[in-house]
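[1] Got a sequence here, can you build the structure:
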Amino acid sequence: MRKAQKVLNVLYQSDDNYAMVSGISIVSLLENNKHLDEINIYYCDYKISKININRLNRLVAGYKNSSLHFIDAQPYDKIFKQLGVKPWHGVYVTWLKLLAFGDISLTTDRIIFINGHTIINGSLDALIELDFDDNIMALSYDALTNDHKKTIGLDETDGYYNCGIMLINHKKWQKENTTKLIKSHLGEKSDYLVADQDLCNVLFKDKIKLLEPTYNFSSAYYAYDLKKFLKINKLKPPYFYSYEELMATYYSPKIIHSLFGILGKPWELGNNHPQGSLWKKYIDMTPWRDTKRPEARHTINWTLYKALPRPLFMRLYIIAVRRKFAR
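    I've put the predicted structure just below:
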């Protein structure tokens with residue numbers, strides 16, 4: 001019997017400002033998954049310069065098992081404007097994937113969206129074989145304060161999921177005409193505080209399979225005392241991972257999501273990020289290794305994080321988070 005091929009379909013999206021960041025994530029993906037038969041990368045191109053498109057093409061061309069396919073995002077931009085969708089930080093980039101999923105033609109039943117703010121730190125074989133249990137997607141829990149849920153109509157005991165990593169049941173997505181459902185919802189409501197992530201938690205409630213934390217491990221877990229971080233954000237089972245589950249993958253997660261930015265972004269010059277050295281390792285493998293990178297800004301939060309006792313800083317942190325996300 002012929003052995004089934006291991007095929008990984010991946011979607012990235014960005015404007016030109018984050019082409020380099022996505023490129024770093026892509027090289028970490030390819031470096032740690034050379035054993036797969038195929039890695040098909042689809043990239044939603046929101047006005048990316050020719051220089052950065054050429055860099056992305058050169059990067060992927062260096063891996064025999066990989067291919068890169070650009071998707072012009074301009075038609076999606078027009079659709080969002082027609083629907084009156086609220087932009088996220090002035091642009092529609094974060095929304096792109098929700099329309100792109102339905103337009104991509106696949107030979108397998110799944111595709112994984114990966115936010116560019118990530119380092120793929122291991123093999124993703126298990127995601128190729130994961131059973132969706134008839135759910136439309138598989139996501140990991142988000143570490144945002146539990147108080148945010150009621151702002152979008154969820155109960156405190158409901159799961160709240162992060163959309164930085166989205167494993168999509170593509171076959172089911174197409175069969176149920178999910179793109180049409182999303183457009184209809186966006187035409188009525190799009191003013192979510194956490195944009196597409198809030199929408200997915202509302203629209204696909206009870207249709208989301210839980211992913212293990214190893215596939216979307218927040219860099220914030222390394223920046224604070226983990227037990228105190230969970231307690232202050234009211235995160236606990238049965239609607240969040242246990243401390244033991246997080247610690248089981250703490251030292252070797254498959255995907256690290258850079259959500260902590262107080263000490264600079266890990267790709268910025270002069271950052272003091274917990275994963276700064278890991279990002280530097282992969283930056284040096286990309287065509288951007290010798291290009292000028294943005295410099296980390298020493299903000300008041302950076303100063304307070306370094307100067308204050310961590311328990312005091314965390315109390316101030318949660319007050320700020322609740323003011324912004326819990327209303």
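
[2] Tally up the residues packed near K180, please.
    10 (other Cβ atoms under 10 Å). Every C-beta, even on glycine, is put in place using the N, C-alpha and C of the backbone.

[3] do H148 as well
    22.

[4] Surely it forms part of a strand?
    No. Looking at H148 with DSSP: H, G, I helix; E, B strand; the rest coil, it is helix, so not inside a strand.

[5] can you tell me how far it sits from A326?
    6 Å (Cβ to Cβ, to the nearest Å).

[6] Check L130 too.
    In terms of Cβ to Cβ, L130 sits 32 Å off from A326.

[7] and if you look at S28?
    34 Å.

[8] With D284 instead?
    41 Å.

[9] Looking at the two, which has the bigger crowd around it?
    Comparing D284 with A326 by other Cβ under 10 Å, the one with more neighbours is A326, at 16 against 12.

[10] Now do the contacts for that one.
    145, 147-148, 150-151 (Cβ atoms under 8 Å, 6 or more residues apart in numbering).

[11] ok, so of these, who is nearest I114?
    Nearest to I114 out of the contacts of A326 is H148 (Cβ to Cβ; 23.4 Å).

[12] That closest one is in contact with Y160, isn't it?
    Yes. H148 lies in contact with Y160 (Cβ atoms under 8 Å); the separation is 6.9 Å.

[13] Now which of the contacts of A326 would you call buried?
    By neighbour count, with 16 or more other Cβ atoms under 10 Å, these hold 145, 147-148 as buried.

[14] can you list the residues you listed in TSV and add distance to I182 and pLDDT?
    TSV is the format used below for the buried ones among the contacts of A326 (distance: Cβ to Cβ, whole Å; pLDDT from 0 to 100):
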residue	distance to I182	pLDDT
T145	26	91
D147	27	92
H148	21	95
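
[15] Which single one of the residues you listed is nearest to Y250?
    Of those, the one sitting nearest to Y250 (Cβ to Cβ) turns out to be T145, at 21.0 Å.

[16] Excluding chain neighbours, what is closest to that closest one?
    N233 (4.6 Å; Cβ to Cβ, 6 or more residues apart in numbering).

[17] and the gap between the one you found and A326?
    11 Å.

[18] L246 too?
    Counting by Cβ to Cβ - L246 and A326 are separated by 23 Å.

[19] Check whether E245 really touches P213, as I assumed.
    Yes. With contact defined as Cβ under 8 Å, E245 counts as touching P213 (6.1 Å).

[20] Can you list the residue ranges for strands in this structure?
    7-15, 38-46, 66-72, 110-114, 118-120, 137-141, 161-169, 208-210, 217-218, 255-257 (DSSP state E).

[21] Most tightly packed of those?
    Comparing those by mean neighbour count (mean count of other Cβ atoms under 10 Å), strand 255-257 comes out on top with a mean of 26.

[22] From the chain's centroid, how far away is that one?
    8 Å (Cα atoms, centre = their mean, to the nearest Å).

[23] what's the answer for stretch 244-262, then?
    13 Å.

[24] all helices in the chain, in order from the N-terminus.
    Along the chain, counting by DSSP state H, helices occupy 19-31, 50-61, 74-83, 96-103, 125-129, 170-175, 178-188, 195-203, 220-223, 226-232, 243-249, 276-283, 300-307, 310-325.

[25] Just the buried residues of stretch 297-313, please?
    Within stretch 297-313, the residues scored as buried using 16+ other Cβ under 10 Å are 301-302, 305, 313.

[26] coming back round to it: any chance of the helices of the chain in TSV, with distance to L11 too?
    Formatted as TSV, the helices of the chain follow (distance: least, Cβ to Cβ, whole Å):
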stretch	distance to L11
helix 19-31	11
helix 50-61	14
helix 74-83	13
helix 96-103	6
helix 125-129	13
helix 170-175	10
helix 178-188	14
helix 195-203	13
helix 220-223	24
helix 226-232	30
helix 243-249	24
helix 276-283	19
helix 300-307	32
helix 310-325	26
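
[27] Adding mean pLDDT and distance to E38, write those helices out as JSON lines.
    Formatted as JSON lines, the helices of the chain follow (pLDDT from 0 to 100; distance: least, Cβ to Cβ, whole Å):
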{"stretch": "helix 19-31", "mean pLDDT": "98", "distance to E38": "12"}
{"stretch": "helix 50-61", "mean pLDDT": "98", "distance to E38": "12"}
{"stretch": "helix 74-83", "mean pLDDT": "96", "distance to E38": "26"}
{"stretch": "helix 96-103", "mean pLDDT": "97", "distance to E38": "19"}
{"stretch": "helix 125-129", "mean pLDDT": "96", "distance to E38": "10"}
{"stretch": "helix 170-175", "mean pLDDT": "98", "distance to E38": "15"}
{"stretch": "helix 178-188", "mean pLDDT": "97", "distance to E38": "25"}
{"stretch": "helix 195-203", "mean pLDDT": "97", "distance to E38": "27"}
{"stretch": "helix 220-223", "mean pLDDT": "95", "distance to E38": "32"}
{"stretch": "helix 226-232", "mean pLDDT": "95", "distance to E38": "37"}
{"stretch": "helix 243-249", "mean pLDDT": "98", "distance to E38": "26"}
{"stretch": "helix 276-283", "mean pLDDT": "97", "distance to E38": "21"}
{"stretch": "helix 300-307", "mean pLDDT": "95", "distance to E38": "42"}
{"stretch": "helix 310-325", "mean pLDDT": "91", "distance to E38": "39"}
